[in-house]
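Student: please work out how this folds:
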Amino acid sequence: MIMTGSLFKSEAEFEKALINTLKNKGWKGDVFYRPTEKDLIENWKKIIFENNRDVLHGVPLSDSEMDQILKQVDSSPLPLDKNLFINGSSMSILRDNPEAPQLSEYVSLVIFDHNQIAGGRSRYQIAEQPIFEGDVSKKERGDIMLLINGMPVIHIELKANSIDIHDAKNQIQRYLRHGIFSKGIFSLVQFFVAMNPNEMSYFAHPGSKPINPKFVFHWADEKNNIVSDWRKIAEDFLSIPMAHKMVGFFTVADRGDNILKVMRSYQYYAADGISHRYYEEEKKNEVYVDNYRKGGFVWHTTGSGKTMTSFKAAQLIASSGKVDKVVFLVDRIELGTQSHTAYNNMSLVDDSVDTVDSTAELIAKLKDKGTGSNGLIVTSIQKMSRIKEGGTISLPDLEKLQKKEIVFIIDECHRSVFGDMLQDIRNNFPKATYFGFTGTPITETNKKVGATTSDIFGDTIHIYTLAEAIRDKNVLGFQIDRVSTFQEQELRQQVAMRAADAKDEKDLIEDKKKKDVFDEVMALPMGESVNGEGKIIKGIESFIPDAQYKQEKHRNIVVKNILDDFPKLTHPFGTEKQFHAIFATSSIEDAIAYWDLFQKEIDKRRQGNPNYEALKITALFDPSIDNSDGDQDINHSKLDKTQWVDKIHAKYNEDFGLSLQRDSDFKRDIAERLSHKENYRGIDKDRSKQLDILIVVDQMLTGFDSQWVNALFLDKMLQYEGLIQAFSRTNRLLDDDKDFGRIRYYRKPFTMDNRVAEAVKLYTNGHSAGIFADKLEKNLFDLNEILKKIVNIFAAAGIEDFSKVPPAEEDKNKFIKEMSQLMSVIRLATVQGYRLEKQDYTFKDDGEARGVHIGLTKTLYEVLLLRLKEALAGTISDPITRPEESPLESIDGQLNINSLKIDLDYIESRFKVFLKAVQDKDPEDHQESLLNEIHGHYCLLSREQQAAADYLLAKIKSGEIVVQGNETLENLLEKYLKDQKEEQIDQFVEITGVDKKQLVDFINSSVTDGNLNAYGRFDSLKKTIDKEKVMKFMRECAVGVSVSPVIAQIRFSRLLEDFIRKGPVSIELVRLWARKLMERKQQ
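Tutor: This next block holds a predicted model:
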């Protein structure tokens, strides 16, 4: 009987239970116990022969022929190329077996067929505890490998009930670092699984890069409920046919990002669902609805990876051989270019995805007989709609196209499908099948021209909502601020007086009807809303005319608010990152007026403060579109829109030293600059090239994606799909510094509150938990709770003054984790008004005031940051105790702690008193008491500084060091540590011969697992060592241990890495490290 997860007594017991379940779920072949790489290669060799017996004329592969195959496997180190190797359908070898009739001839061999699932030539085997020999001398054993046709394509690392699966991921990361999955047969692994009996996550082979938490996924069922029980994982995700399909169809070699990707569960259900729906509809050839075949639509929230999903769906249908063409339709030229590039990057090397520049070229591609993946075309809905009788094509040619089996996949199908263009396409291709993709479908609540997305495309194929994407950390939630530019009570009274047609209070007193109307309006809520039946419930803001928001008073408040708060909204606390913002206005006239006001206000601030950092602001709109409300601003009527565009473009060219002329060039440059693409990669490190705010009307509010946009300002009204689409420009993932998309609206803000709630309810299926950031009071409560945990960690270690990092590895890791949480809460609270310098806050709710006291002071926070820096650097002086890999869920590695200025005023004041006491030869006990006062504030110093201070103060007290002039302790420490490091580097160079310049450059750079050997720099450094010196040094350190040259080189490589990461350190410590490394058990 298979035990439940909670009853497993050991990992070994769990392993056996999982294997037994897999054997009953399609893995019916051999189970190899502790096979070596050589054993698995021999097994693969036999299966290749058995599956290609006819081609090989019954003559088995020779060892040298198998070597040819392995050389092809190792021809590239990239996992995406291994994927192309596996899914390339066949490979060729030159026969050299003398018994083969095709001696010295090339033969083509089939090694994997993604269509032969659970049948044909496919073989499914299990390797239990495979033995690894990587770049380290020690042999290691994995847990479970799953083999298809002899190739290890899935590696599973298990942990017992009580052990977190992060430990399993860390184990896999260690194997990756040791090169176990970088070459040979083990490099064919496509994705990894980390699991315990109650949780599982999976991720594609990351190659030489560290595992990226953004690409580690949980598996979920069709309703997006996370599957955690091991048996369900084994019976579904790891079963045959599912595992075969995941390897053959749902891994993606993305040449654009140069990485291998594996699809998330919701992407699988959507792509596989489209494929199944097409075959179901294709069988019902005679059944048509509204004269065309409705395939259905996929509702996947914006930012969830619809491009990859739609590509896989298109590829599955196109590669079936049953369809003539698959056409991916977009509604904008730039989206077509973007989609075509993405599709080509994800297609197999020998496939091509067609794009077209004209309707004539599109007709030619449709007439072409290319099928399979070459039958995939990306084009615009505008070009496709022009193919009709009496237009760009003759009737005979149109009739030929109409007979073809064509599938249309339409992107953003909430936008352009409710007009005449899609109707023209459907009329001219009545036998085609139509599928849609959208993050915001049109429903009964917000139907357009009386129709919904379901009316046009049919039933939903799969749903993945905004709430689910935020839960799964595929997109961010939102931090929303409402800003009122008019005093609420005054506005309410004015609206009520106007509704009552009253001149003044006397008029109300004298006319009861007017008074009744006045009272009725005064009782209304501020914001307009929609009830459950779709009826509009009026509020005070329903009566405010648009002209109210064209007043200079309103616009000036908006401009000043944005300029004042832009830094805290877009510049995460404690980092050097700078994000961008979009400001959406109601009309082109508004956009022009705001751009002009921004320039004037910035000029005014620069005149008052020469050091004021002026924001770079531009505007983007189509001057040919008339979206004004007929109330053109008087101040801007002297120049027409085209002239204003010229003026805005001239300022943009001036700001960035460009000479762009065409509108399309400006739009492209702005998009690339905001998304840090093409010529603007890395501009996050160059403030001069950054565009701060883009003013728009409608452009860029849908379809534009940038991880570097985090804020949206609104002086326009949005609703339903338009609101969610616009908000979603801000919530793309980047790193821990980007925690929420920040939204701030100024026009009818109470109505916008209601519209936000209505849109979120509609597009989360009513499950809106986690969509919005917590309020400041909740965040301050969390801050205090996290601080308590940190204090307890130090107290339990007997360190009451935070003067050093807790020595136990477990306590250190807890501290790092809690500090990560603390900094995240501080970043968010800072945007909401929290300041480190302020410890007491008051909150009011329904007239009741509540006070919150914060236990964290600015000084304590700076001390904790110092301890964090030491914990992350691994200050424990023993490389053996350092974990083999960094924690996967850790603090952001880009934190620039060195930039923080620590307040040393008190220590310096005590130091001056101490110096005078030494110079005046004060009594010994007085000098000691002053030293004790300085020691009492050592927590403000790093551990390194503390040791240096002890040395310097002792020497000063003894008279061996005489301090001159106004020398500070900080300056003395800096000089001493600099000289000490220089001496330590020189000593290390002397005993190893390593190149000093390269070593110093390394030490001064930020070294991580991911960049240690970037561009081969670590290998290059190792080549500079003097091997004889290194061998001599390692032997001297290895007392009583025999040392081989190979082992010495391997151990020294680790020693060199530690010296770089932690160094420089004393030569005595280096010797200690070397001795402990050499004392390791050698196998």
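Student: when you work out contacts or count neighbours from here on, use the C-alpha atoms and nothing else.
Tutor: Noted.
Student: those helices in the stretch 801-950 of the chain, which residues are they?
Tutor: For the stretch 801-950 of the chain, helices defined by DSSP state H, counting those that start in this stretch occupy the ranges 809-831, 858-873, 905-919, 924-935, 943-958.
Student: next: the stretch 951-1083 of the chain.
Tutor: Assigned by DSSP H, counting those that start in this stretch, the helices in the stretch 951-1083 of the chain fall at 969-992, 996-1004, 1017-1022, 1027-1037, 1045-1062, 1067-1078.
Student: tabulate those helices (JSON lines), appending distance to residue 26.
Tutor: Listed next are the helices of the stretch 951-1083 of the chain as JSON lines, based on distance: least, C-alpha to C-alpha, whole Å:
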{"stretch": "helix 969-992", "distance to residue 26": "56"}
{"stretch": "helix 996-1004", "distance to residue 26": "51"}
{"stretch": "helix 1017-1022", "distance to residue 26": "44"}
{"stretch": "helix 1027-1037", "distance to residue 26": "52"}
{"stretch": "helix 1045-1062", "distance to residue 26": "42"}
{"stretch": "helix 1067-1078", "distance to residue 26": "45"}
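Student: how about those helices, which one is nearest residue 760?
Tutor: For these, the distance to residue 760 is smallest for helix 1045-1062, at 47.0 Å, taking C-alpha to C-alpha.
Student: can you give me the buried ones in that closest one?
Tutor: Neighbour counts over helix 1045-1062 (16 or more other C-alpha atoms under 10 Å) mark 1047-1049, 1051-1052, 1055-1062 as buried.
Student: so residue 713 sits in a strand?
Tutor: Yes: secondary structure of residue 713 (DSSP: H, G, I helix; E, B strand; the rest coil): part of a strand.
Student: for it, give me its contacts.
Tutor: Residues near residue 713 by C-alpha atoms under 8 Å, 6 or more residues apart in numbering: 562, 581-584, 743-745.
Student: for it, give its distance to residue 470.
Tutor: As judged by C-alpha to C-alpha, to the nearest Å, residue 713 and residue 470 stand 21 Å apart.
Student: quick check: mean pLDDT of stretch 791-811?
Tutor: Average pLDDT, stretch 791-811: 86.
Student: for it, what is the distance to the chain centroid?
Tutor: Distance of stretch 791-811 from the chain centroid (C-alpha atoms, centre = their mean, to the nearest Å) equals 33 Å.
Student: would you put the C-alpha positions of that stretch in PDB?
Tutor: The C-alpha coordinates for stretch 791-811 follow below in PDB (Å, rounded to 0.1, in the frame of the first residue of the first chain):
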ATOM      1  CA  VAL A 791      15.800  40.700  17.600                       C
ATOM      2  CA  ASN A 792      14.900  37.200  18.800                       C
ATOM      3  CA  ILE A 793      17.500  35.700  16.400                       C
ATOM      4  CA  PHE A 794      20.300  37.800  17.900                       C
ATOM      5  CA  ALA A 795      19.100  37.400  21.500                       C
ATOM      6  CA  ALA A 796      19.000  33.600  21.100                       C
ATOM      7  CA  ALA A 797      22.600  33.700  19.900                       C
ATOM      8  CA  GLY A 798      23.600  35.800  22.900                       C
ATOM      9  CA  ILE A 799      24.200  39.000  20.900                       C
ATOM     10  CA  GLU A 800      22.200  41.700  22.500                       C
ATOM     11  CA  ASP A 801      23.900  44.700  20.800                       C
ATOM     12  CA  PHE A 802      23.800  43.400  17.200                       C
ATOM     13  CA  SER A 803      27.600  43.700  17.100                       C
ATOM     14  CA  LYS A 804      28.100  40.600  15.000                       C
ATOM     15  CA  VAL A 805      26.300  38.100  12.800                       C
ATOM     16  CA  PRO A 806      25.000  35.000  14.700                       C
ATOM     17  CA  PRO A 807      27.600  32.300  14.100                       C
ATOM     18  CA  ALA A 808      25.200  29.400  13.500                       C
ATOM     19  CA  GLU A 809      24.500  28.900   9.800                       C
ATOM     20  CA  GLU A 810      20.800  28.300  10.500                       C
ATOM     21  CA  ASP A 811      20.500  31.500  12.500                       C
END
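Student: packing partners for the helix or strand hosting residue 753?
Tutor: Assigned by DSSP states H and E, residue 753 belongs to helix 749-763. In terms of contacts (3 or more C-alpha pairs under 8 Å, 6 or more residues apart in numbering; DSSP states H and E), helix 749-763 is packed against strand 477-482, strand 529-530, helix 720-727.
Student: for residue 397, find the nearest of the ones you listed.
Tutor: Nearest to residue 397 among those is helix 720-727 (39.0 Å), distances taken as C-alpha to C-alpha.
Student: re the thing from before, quick one: the helices and strands packed on helix 749-763 as a markdown table, columns for mean neighbour count and mean pLDDT too.
Tutor: Formatted as a markdown table, the helices and strands packed on helix 749-763 follow (neighbours: other C-alpha atoms under 10 Å; pLDDT from 0 to 100):
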| stretch | mean neighbour count | mean pLDDT |
| --- | --- | --- |
| strand 477-482 | 20 | 89 |
| strand 529-530 | 18 | 91 |
| helix 720-727 | 22 | 93 |
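Student: wait, which of the ones you listed is closest to residue 1000?
Tutor: Closest of these to residue 1000 is strand 477-482, at 42.7 Å (criterion: C-alpha to C-alpha).
Student: reformat the helices and strands packed on helix 749-763 as a markdown table; add distance to residue 64.
Tutor: Compiled in a markdown table, the helices and strands packed on helix 749-763 are given as follows (distance: least, C-alpha to C-alpha, whole Å):
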| stretch | distance to residue 64 |
| --- | --- |
| strand 477-482 | 57 |
| strand 529-530 | 75 |
| helix 720-727 | 58 |
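Student: so which of these comes closest to residue 1019?
Tutor: strand 477-482 (42.6 Å).
Student: got a list of contacts for stretch 684-700?
Tutor: Stretch 684-700 is contacted from outside by 577-588, 591, 595, 615-621, 656, 670, 673-674, 676, 683, using C-alpha under 8 Å, 6+ apart.
Student: list the buried residues for that stretch?
Tutor: 684, 689-698, 700.
Student: okay, who's weakest in those by pLDDT?
Tutor: Lowest confidence among the buried residues of stretch 684-700: residue 684, with 86.
Student: would you mark the buried spots in the helix or strand hosting residue 521?
Tutor: Residue 521 is part of helix 512-522, with elements assigned from DSSP H and E. For helix 512-522, burial by neighbour count (16+ other C-alpha under 10 Å) applies to 514-515, 517-519, 521-522.
Student: check which helix or strand residue 278 maps to.
Tutor: helix 265-283.
Student: ugh, wrong one, I meant residue 652
Tutor: Secondary structure assigned from DSSP H and E places residue 652 in helix 641-656.
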